[in-house]
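Participant: My questions concern the predicted model and sequence given below.
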Amino acid sequence: MATAVMTTLDPNSRSAARGMSDLTIRNLFIIPTIVFLIVFNIFPLIYSLGYSFTDFRASSAAPANFVGLQNYRELLNDPFIWSNFAITAKYVIVSVVGQVVVGFGVALLLNRDIPLKGLLTTLLLLPMMLSMAVVGLFWKLLYDPSFGIINYTLGLGSFEWLSNPDMALYAVAITDIWMWSPFVMLLSLAGLSAVPKHLYEAAAIDRAGSFYTFFRITLPLVAPILMIAIIFRTMEAFKTFDLAYILTSQPTTEVISIRLYKMAFQEWQTGRSCALAYIVLIMILAITNIYVKYLNKVKER
Amino acid sequence: MRKTMTSMLAGIGLVLACGTSVYAQDKELTIFWAEWDPANYLQELVNLYEAESGVKVTVETTPWPDFQTKAFTEFNAKGSAYDMVVGDSQWIGAASEAGHYVDLTDFFNKHNLKEVMAPATVKYYAEYPSNSGKYWSIPAEGDAVGWSYRKDWFEDPKEMEAFKAKYGYDLGVPKDWKQLRDIAEFFHRPDEKRYGVAIYTDNSYDALVMGVENAIFSFGGELGDYATYKVDGIINSEQNLKALEAYKELYSFTPPGWAKSFFIEDNQAITENLAAMSMNYFAFFPALINEASNPNAKVTGFFANPPGPNGDQFAALGGQGISVISYSQNQEEAMKFLEWFIKDETQKKWAELGGYTASAKVLESPEFQNATPYNKAFYETMFKVKDFWATPEYAELLIQMNQRVYPYITGNQGTAKEVLDSLAADWNATFKKYNRVK
């Protein structure tokens, strides 16, 4: 079956001369990748599933005892864990909505003939190319209440962006929006430039207003690629660690990955943290599935 | 041609020279510690050992917030990257029970270190379980929390007059926590960009907890019964409620954005003219008397953690002991190094370089006590210190305390009673989980 899909090897090629069959070449390309995936992804995944049912601690010499679903039960009954999930959800919504609005908005502005368009696009992409840790460190300076340039420019006096428990999560989200809007912008630009010009011309002939053109032509045609951007950004935002960890240590910014890190590498509750990692994995899979279903629906239209 | 020959010979000579020197430094030891000034002083000290013995010793460091994680990751993997570690006092339970540290009881007894080192350092850095007579490390860097203050602000006649008029007593080094609070309130002037006090608030490791401990211990409270693991009625005692409220009140007199501060920020409060008083470990005070790192060095004074309302006076213990790692391949060489490290001359040199020796003899010497403006306060404090839990599950206890206390102190959530009652329940559940209590 698999060989039927492949094109046959050219009998005059060097590979054919060496006596390699189509199957050998296919295996040569695929097997290393599969081995790599099994060793570094699948095996640890299954191994940690086993640990999630034990009270194993990597820091102690004591053997792991099977505890059944106790880890899952206790985690799902822990109000702190639920508050971590609520914080993560809030963060994902604020940050992804912000990135889509800003990114798509900038893409619309750039999707016309303006001078230095290439240079402008490249410059706008810069934040995305920086390391998360570096972005976190310098935004910490920008937000500083005593000498930070943000308060200085906006005339906010000594407003506490990161020490104020109600504001800190938004401050982290703003940094994330600054960093990743260019990603949404880039994908949106690709989508926008693929919209056939004749549709706009036809709309103009029919005297369609700019709102009508946007909601009936631009948005539906860009939607599939925008959905892909949203899926990527949601997954990334869900597992955010570095930015939130570096910028602030408020309990109101303790997203689930930070809690997971603390549980696994500060408290060394290896078994329980494996269980938490699985809960997070299932949640991400569920959310992504909803998006993918929606993406397929959008494509069908 | 001749030139080529000469350079070739020179090259061969160089290779041989390098070869022999590599051979001479065949034995190498690596000590792991956190990234801070004392680690630099230790590197200077061990350079002397290299000169004496030919064994190269390297002090490898990592920033404080990662220190625990990095060390235990290496231990758990049974890695031999480090031969010795200058590990935090509360690690001792976890590291000894898991077999990461070499048992140093025989070494300890042979050299009578119980008498040689200051009693508090033996109790908290070396012995586990308490009163068991089993020792896992050699007290290396003694440390406790003290306070620095701005002498020029305190001694300004106008300020002194205004203070006396407002509070009815003379402005000076606080004699108790009530005076500490008054002085913090008095100097707290956000309009002038001057603030009352700098305290520990960072909740990523143990900073906030140690800050709160200073209040709890001096108010006569305890964290729990370390022998029976009883916490209810102890961590949420009446004294502890008052202590927590007092710490929270101090937070209202801190500079803006003070919700994630530890030793760097607290020293900056003095060097940047932000606060009148600042809590910090004695280990960070050398930077405050150095004019290169503190423009206010001449007008910076120091005092020990003041007593609470009932006259109890204690401070949170810091500091570390040096332990040999079970997975090291140079254990014999490491023991030889420790023999050198505990010598009186070495300990004296260690103190001269800026390290806080735990050697009782050196601590008691007038030479040490007069060497800096804060050494006397350090000597006195080292006999009045208490520490956090050292059980293997201390990290869980620490995170639970951070989770309960931090929102109360910095975010004004809940009451002291709610916070400490919940904490007692958390800790009790943790001790039950590990079968410490029934």
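Facilitator: On my side now, so go ahead.

Participant: what's the pLDDT at the residue of the stretch 1-150 of chain A found nearest chain B?
Facilitator: Closest contact between the stretch 1-150 of chain A and chain B, by CB to the nearest CB, is at A:P145 (4.1 Å). To be clear about C-beta, it is placed using only N, CA and C from the backbone, and glycine gets the same treatment. Looking at A:P145, its pLDDT is 85.

Participant: A:K297 now?
Facilitator: pLDDT at A:K297 comes out at 87.

Participant: now do the one 3 residues further on
Facilitator: pLDDT, the model's per-residue confidence, is 78 for A:E300.

Participant: burial of it, as a residue count?
Facilitator: Other residues near A:E300 come to 7 when the count uses other CB atoms under 10 Å in any protein chain shown.

Participant: just B:T201 next, same as before
Facilitator: Neighbours around B:T201, by other CB under 10 Å: 24.

Participant: OK, contacts around it?
Facilitator: Under the criterion of CB atoms under 8 Å, 6 or more residues apart in numbering or on different chains, the neighbours of B:T201 are B:A207, B:L208, B:G211, B:Y251, B:T254, B:W258, B:A259, B:K260, B:S261, B:Y406, B:I409, B:T410.

Participant: Mind doing that once more with 10 Å?
Facilitator: For B:T201, the contacting residues are A:163, A:249, B:207-208, B:211-212, B:247, B:251, B:254, B:258-262, B:265-266, B:406, B:409-410, by CB atoms under 10 Å, 6 or more residues apart in numbering or on different chains.

Participant: B:Y125 too?
Facilitator: B:Y125 neighbours (CB under 10 Å, 6+ apart): B:86-89, B:92, B:117-118, B:135-143, B:317, B:319-323, B:358, B:387, B:390.

Participant: low-confidence ranges in the stretch 201-350 of chain B?
Facilitator: Judged against pLDDT under 70, the stretch 201-350 of chain B has no low-scoring part.

Participant: mind redoing it with 90?
Facilitator: B:203-206, B:226-227, B:256-257, B:259-261, B:264, B:283, B:286-287, B:317-319 (pLDDT under 90).

Participant: In three-state terms, label the residue of it found nearest chain A for me.
Facilitator: Going by CB to the nearest CB, chain A is nearest to B:A259 of the stretch 201-350 of chain B, at 3.6 Å. Recorded secondary structure, B:A259: coil (DSSP: H, G, I helix; E, B strand; the rest coil).

Participant: Over to it: give its phi and psi.
Facilitator: Dihedral angles of B:A259 (phi, psi; degrees, to the nearest 10) stand at phi -90, psi 0.

Participant: Can you report how many residues lie near it?
Facilitator: 24.

Participant: Tell me where the stretch 1-150 of chain B has helices.
Facilitator: Taking DSSP state H, counting those that start in this stretch as the criterion, the stretch 1-150 of chain B carries its helices at B:2-24, B:37-53, B:64-76, B:92-97, B:105-110, B:113-116, B:119-121.

Participant: ditto for the stretch 51-200 of chain A
Facilitator: Listed in chain order (using DSSP H, counting those that start in this stretch), the helices of the stretch 51-200 of chain A are A:70-76, A:79-110, A:117-129, A:132-143, A:149-154, A:168-193, A:197-205.

Participant: Any chance you could list what contacts the first one?
Facilitator: Yep, that's helix A:70-76 we're talking about. By CB under 10 Å, 6+ apart, helix A:70-76 touches A:51-56, A:67, A:69, A:81-82, A:263, A:269, A:271-276, A:278-279, B:429, B:433.

Participant: Taking the stretch 301-438 of chain B, what residue is nearest to chain A?
Facilitator: B:G411 (4.2 Å).

Participant: Need the nearest residue in space to that residue, chain neighbours excluded.
Facilitator: Nearest in space to B:G411, with sequence neighbours left out and distances taken as CB to CB, 6 or more residues apart in numbering or on different chains, is A:P165 at 4.2 Å.

Participant: So the one you found sits against B:N412, correct?
Facilitator: Yes - A:P165 is within contact range of B:N412, at 8.7 Å (criterion: CB atoms under 10 Å).

Participant: So between the two, which is more surrounded?
Facilitator: A:P165 (20 against 11).

Participant: in what helix or strand does the residue most central in space within chain A lie?
Facilitator: Geometric centre of chain A, nearest residue: A:E236, 2.0 Å, by CA atoms, centre = their mean. Using DSSP states H and E, A:E236 maps to helix A:219-238.

Participant: helices or strands next to that helix in the packing?
Facilitator: Contacts defined by 3 or more CB pairs under 10 Å, 6 or more residues apart in numbering or on different chains; DSSP states H and E place helix A:219-238 against helix A:79-110, helix A:168-193, helix A:270-300.

Participant: Please state the mean pLDDT value computed over the longest one.
Facilitator: Confidence over helix A:79-110, taken as the mean pLDDT, stands at 95.

Participant: Check which residues of it are buried.
Facilitator: A:80-81, A:83-85, A:87-89, A:91-92, A:94-96, A:98-100, A:102-104, A:106-108, A:110 (16 or more other CB atoms under 10 Å in any protein chain shown).

Participant: next one: the second one
Facilitator: Taking 16+ other CB under 10 Å as the basis for neighbour counts, the residues of helix A:168-193 that come out buried are A:168-189, A:191-192.

Participant: ok, back up a step: what's near enough to touch the residue nearest to B:G411?
Facilitator: Contacts of A:P165 (CB under 10 Å, 6+ apart): A:T248, A:Q250, A:P251, A:T252, A:T253, B:A259, B:Y406, B:P407, B:T410, B:G411, B:N412, B:Q413.

Participant: can I assume the fourth one sits in a helix?
Facilitator: Yes - the assignment for A:T252 (three-state DSSP) places it in a helix.

Participant: Quick check: it touching A:A173?
Facilitator: No - look at A:T252 against A:A173 with CB under 10 Å: they stay out of range, at 11.9 Å.

Participant: Please point out which parts of stretch B:275-291 sit buried.
Facilitator: Buried residues in stretch B:275-291 (16+ other CB under 10 Å): B:275-289.

Participant: tally of neighbours for the nearest residue to B:K361 once chain neighbours are set aside?
Facilitator: Excluding the flanking residues, the one nearest B:K361 by CB to CB, 6+ apart is B:D344, at 6.3 Å. The number of residues packed near B:D344 is 12, by other CB under 10 Å.

Participant: How about the contacts made by B:D344?
Facilitator: Applying CB under 10 Å, 6+ apart, we find B:D344 in contact with B:V116, B:T357, B:S359, B:K361, B:V362.

Participant: Spell out which parts of the stretch 1-150 of chain B neighbour chain A.
Facilitator: B:65-66, B:68-70, B:72-73, B:75-77, B:91, B:94-95, B:97-100 (CB under 10 Å from any CB of the partner chain).

Participant: Doesn't B:N280 belong to a strand?
Facilitator: Yes - under three-state DSSP, B:N280 falls within a strand.

Participant: can I assume it is in contact with B:F263?
Facilitator: Yes - counting by CB under 10 Å, B:F263 is a contact partner of B:N280 at 5.6 Å.

Participant: Mind listing the shared neighbours of the two?
Facilitator: With CB under 10 Å, 6+ apart as the test, B:N280 and B:F263 both reach B:Y200, B:A287, B:G318.
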